[in-house]
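Peer 1: 3D model of this:
(chains A and B)
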Protein chains: 2
Amino acid sequence: MSILVVGSVAFDSIRTPSGNVDRCLGGAATHFALAASFFTQVRVIGVVGEDFTSEHEAVFGARDIDIQGIERASGKSFHWTGEYRGNLNEAHTLKTDLNVFERFQPKIPDTYRDSEYLFLANIDPVLQREVRQQMPQVRMVCGDTMNYWITGHREKLERVLENLDALLINDGEAKLLANETNLVKAAERIMQMGPKTLIVKQGEYGATAFFSEHSFPSKVRNQFFHAPALPLAEVVDPTGAGDSFAGGFFGYLASQPELTPAVFKRAMFYGGVMGSFAVERFGTERIQHLTREEIDQRFARFRELSHLETE
Amino acid sequence: MSILVVGSVAFDSIRTPSGNVDRCLGGAATHFALAASFFTQVRVIGVVGEDFTSEHEAVFGARDIDIQGIERASGKSFHWTGEYRGNLNEAHTLKTDLNVFERFQPKIPDTYRDSEYLFLANIDPVLQREVRQQMPQVRMVCGDTMNYWITGHREKLERVLENLDALLINDGEAKLLANETNLVKAAERIMQMGPKTLIVKQGEYGATAFFSEHSFPSKVRNQFFHAPALPLAEVVDPTGAGDSFAGGFFGYLASQPELTPAVFKRAMFYGGVMGSFAVERFGTERIQHLTREEIDQRFARFRELSHLETE
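Peer 2: Have a look, this model is predicted:
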C-alpha cells in the first residue's frame, strides 16, 4: 500500500570526522522515501529549486518513488550546512538556507489521494496539520518533529499530535516535549497528548516503542518494545539516520496486510536496519545502492543481536 | 559452583532526587554478592571496621553468603558519600573515607581455595593481581575497574587485564581505556590487552558483550550480543546497579555446567534483571528482599522486550 510523505527535499553540505561532502542530496523526505521504497510504493510532497536537476530526479526514479508532488519553484533548494564532531551524536548546524522551502505550501496531487499511509516528516506543524486534514481517510499517520517546533511552536504542534497514530522522535525531543527526564513517564505524557504509540529513536542505542491501549486493534500484553542498534565500527555520516529509520519502519508496516504487535516489532527492527545502512556513507549514497538481499541479511543479524534461544 | 569475590564492603550515604539515606550497607562486593547469591554459592573477601555489626552480617547470612573472608580491622569501614542529580546517570562523589580499606590486604581463607569462579571487583589493580595469582586454578575470572585506575594506574591495570576471561566495565570506561570513541573499535583494542570477552554496561540502555575467538571453547558466529534494559518509570538509587548486573551475570554463569554462547546470553539478561531491581530502592534494600520467582518473572519480561516471533 502507498505511503505519502511530506517533508524537506534538500541539499546538505556535511563535515564529519570521516570527511566532507558538498551539496549532496538530502532532506527528511528524501531519506525517508528512499528507505521506505524497499518495502512499498512511496509518494513525495515537497518543494525544490532550479538546482534540482534530472540527475537528482533519477535518484528517486531508480527506486520507483513518485515525485509528481515535488513542486519546482524558482530559486534555490533548501540547503543545510552542518558538522559532526567527537562522538557523532550531535549535529552542529553551521548554516540553514531555507530558500524555496521558506514559502512551501504543500499541494496534494489527485493521484496521491488514495494513499493509505501518511508520514509527516519534520516540518512546520501548521503544514503538517494542513496535509493531515486533507488526507482524513488514511489508515495510519505517523509524524516527526524537532526541538525548534517543540520549544517555539508548542500549541501548533499539539494540534498535530492530537491526530497522530504514532510519533517518532528522538530521546532528547521526547524528554523536552514532555518536560520530564524519565523516559517512561515522558512517554505516558506524550501519549496523553494524542499519539497512540510513541517511538523513541535512541541513535546508537536503538529505539524503544511505547504502546498504549489504543496502539493495536487487539489488546497488547507488552507495554514497550526495544529494537537494538547494530554496533558499528565506523559511522561515516549520521545525517538522515533517523529518517531512514522512519522509512524502514513505516515502509515495512505499510507493506503488511494487518497491524499486529508482531508486525510492529519487525517494523522496528527494519527501521534499525535502514538506519544502520544510512550512516555507512555520506548522504543517501548507501541506501541508493542497497539491495533487498542486504536488508534481509542485516535483519537476520539484528534479530540475533538480542535473541535468546528457548531453554 | 562457588564464586569468590574480592572488593569493597562499605557504607554509603546517598542523595538522589527520590530522597536520601545515611550509612546504608554498600560496596561493590556487597552488591555483587547479594545479586549472585540467587544463582550460586558466593564467598566474599573484604575488610570492614568496628561499625560493621551483626545486623550487617545478617544481610549476608540471610542469603547464605560466606563472609569468613571479610576481615575485621580496628577503625571504621569504608564510607562513600555521593549524590545523583538530574538524569541519574552520573554519581557525584562528595566524600570518600577509605578508613580500614586504605590498608586492605586481601587474604584468601583455605576454605575458599576450591572456588571455581573469581570476580575482581573495582579495587586497586595491584590487589586484583595478587588475588588472581593466588587462584590460578579458577575456571573463569572476571574483573571490573574504573576511571581512577585507568588514568592513574594504567600499567598495573594492564597486568590484570592480561589474565582476565572477561572485563565488565561501563561505556565511558571502555572508551577511556581504549582511548577510542567508537565502541566497536574500543572493544577490539581492549580485547587485544587480554580479556577474551568485554561486557560494556550501558546503564539505561542495557549492556553489550563483545566476543573474541577465545570467548568460548567452541567457535562463535556472533561478534556481539546486546541485552536490553527495562524502561523504568522510577529509578530511586542507581548505586550498585553495575555490581548487581555483574552479580546476576556471573552468578548465572557459575550455576551452569558449561559456558556456551546460549548460556552467556542468558547470563547477560540475568545481569540486566538484577541491575533493574537494584535501582528500585536505596542501597541493597530491593535485592535483599527479592525472591527467585520475581527474578524469573522479570527475566521473562526482559526476554519479550526485544523478542521477535519467528515469521
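
Peer 1: show me what contacts the closest residue to chain B within the stretch 1-150 of chain A?
Peer 2: Nearest residue of the stretch 1-150 of chain A to chain B: residue A:87, at 5.3 Å (C-beta to the nearest C-beta). The way it works is simple: take the backbone N, C-alpha and C, and place the C-beta from them, glycine included. Going by C-beta atoms under 8 Å, 6 or more residues apart in numbering or on different chains, residue A:87 touches residue B:181.

Peer 1: The one 4 residues further on now?
Peer 2: Applying C-beta under 8 Å, 6+ apart to residue A:91 gives the contacts A:82, A:83, A:84, A:238, A:239.

Peer 1: can you do 10 Å?
Peer 2: A:14, A:16, A:80, A:82, A:83, A:84, A:85, A:238, A:239 (C-beta atoms under 10 Å, 6 or more residues apart in numbering or on different chains).

Peer 1: ditto for residue A:199
Peer 2: Neighbouring residues of residue A:199 by C-beta under 10 Å, 6+ apart: A:142, A:144, A:166-170, A:174, A:187, A:207-210, A:225, A:227, A:245-246, A:249-250, A:264, A:267-268, A:271.

Peer 1: Tally up the residues packed near residue A:52, please.
Peer 2: Residue A:52 has 22 neighbours, counted by other C-beta atoms under 10 Å in any protein chain shown.

Peer 1: And for residue A:214?
Peer 2: 12.

Peer 1: and what of residue A:71?
Peer 2: Residue A:71 - counted by other C-beta under 10 Å - has 17 other residues nearby.

Peer 1: Is it correct that it falls within a strand?
Peer 2: Yes: applying DSSP: H, G, I helix; E, B strand; the rest coil, one finds residue A:71 inside a strand.

Peer 1: just checking, it touches residue A:108?
Peer 2: No: under the criterion of C-beta atoms under 10 Å, residue A:71 makes no contact with residue A:108, lying 11.2 Å away.

Peer 1: Which residues are in contact with each of these two?
Peer 2: residue A:45.

Peer 1: which stretches of chain A form helices?
Peer 2: Here chain A has its helices, by DSSP state H, at A:28-36, A:54-61, A:125-134, A:147-152, A:154-161, A:171-178, A:183-192, A:241-255, A:261-278, A:285-288, A:292-305.

Peer 1: For the fourth one, enumerate the helices and strands it packs against.
Peer 2: Using 3 or more C-beta pairs under 10 Å, 6 or more residues apart in numbering or on different chains; DSSP states H and E as the contact criterion, the neighbours of helix A:147-152 among helices and strands are helix A:125-134, helix A:154-161, strand A:166-170, helix A:171-178.

Peer 1: which of the residues in that helix are buried?
Peer 2: In terms of neighbour count (16 or more other C-beta atoms under 10 Å in any protein chain shown), helix A:147-152 has its buried residues at A:149, A:150.

Peer 1: quick one, what contacts the closest residue to residue A:7 other than its chain neighbours?
Peer 2: Nearest residue to residue A:7, sequence neighbours excluded (C-beta to C-beta, 6 or more residues apart in numbering or on different chains): residue A:121, at 2.6 Å. Applying C-beta under 10 Å, 6+ apart, we find residue A:121 in contact with A:5-9, A:27-33, A:44-46, A:128, A:142-145, A:168, A:242-243, A:246-247.

Peer 1: likewise residue A:108?
Peer 2: Contacts of residue A:108 (C-beta under 10 Å, 6+ apart): A:4, A:6, A:43, A:45, A:69, A:115, A:130, A:131, A:134, A:135.

Peer 1: buried subset of these?
Peer 2: Among the contacts of residue A:108, those buried by neighbour count (16+ other C-beta under 10 Å) are A:4, A:6, A:43, A:45, A:69, A:115, A:130, A:131, A:135.

Peer 1: Wait, the second one touches residue A:142, no?
Peer 2: No: using C-beta under 10 Å, residue A:6 makes no contact with residue A:142, being 11.6 Å away.

Peer 1: Which neighbours do those two have in common?
Peer 2: With C-beta under 10 Å, 6+ apart, residue A:6 and residue A:142 have common neighbours A:32, A:118, A:119, A:120, A:121.

Peer 1: I'd like to know how far whichever residue of the stretch 51-200 of chain A sits closest to chain B sits from residue A:143.
Peer 2: Closest to chain B within the stretch 51-200 of chain A is residue A:184: 4.1 Å, counting by C-beta to the nearest C-beta. Distance, residue A:184 to residue A:143, using C-beta to C-beta, to the nearest Å: 21 Å.

Peer 1: now residue A:98
Peer 2: Counting by C-beta to C-beta - residue A:98 and residue A:143 are separated by 20 Å.

Peer 1: How about residue A:271?
Peer 2: Distance, residue A:271 to residue A:143, using C-beta to C-beta: 15 Å.

Peer 1: now do residue A:205
Peer 2: Distance of residue A:205 to residue A:143, computed by C-beta to C-beta: 22 Å.
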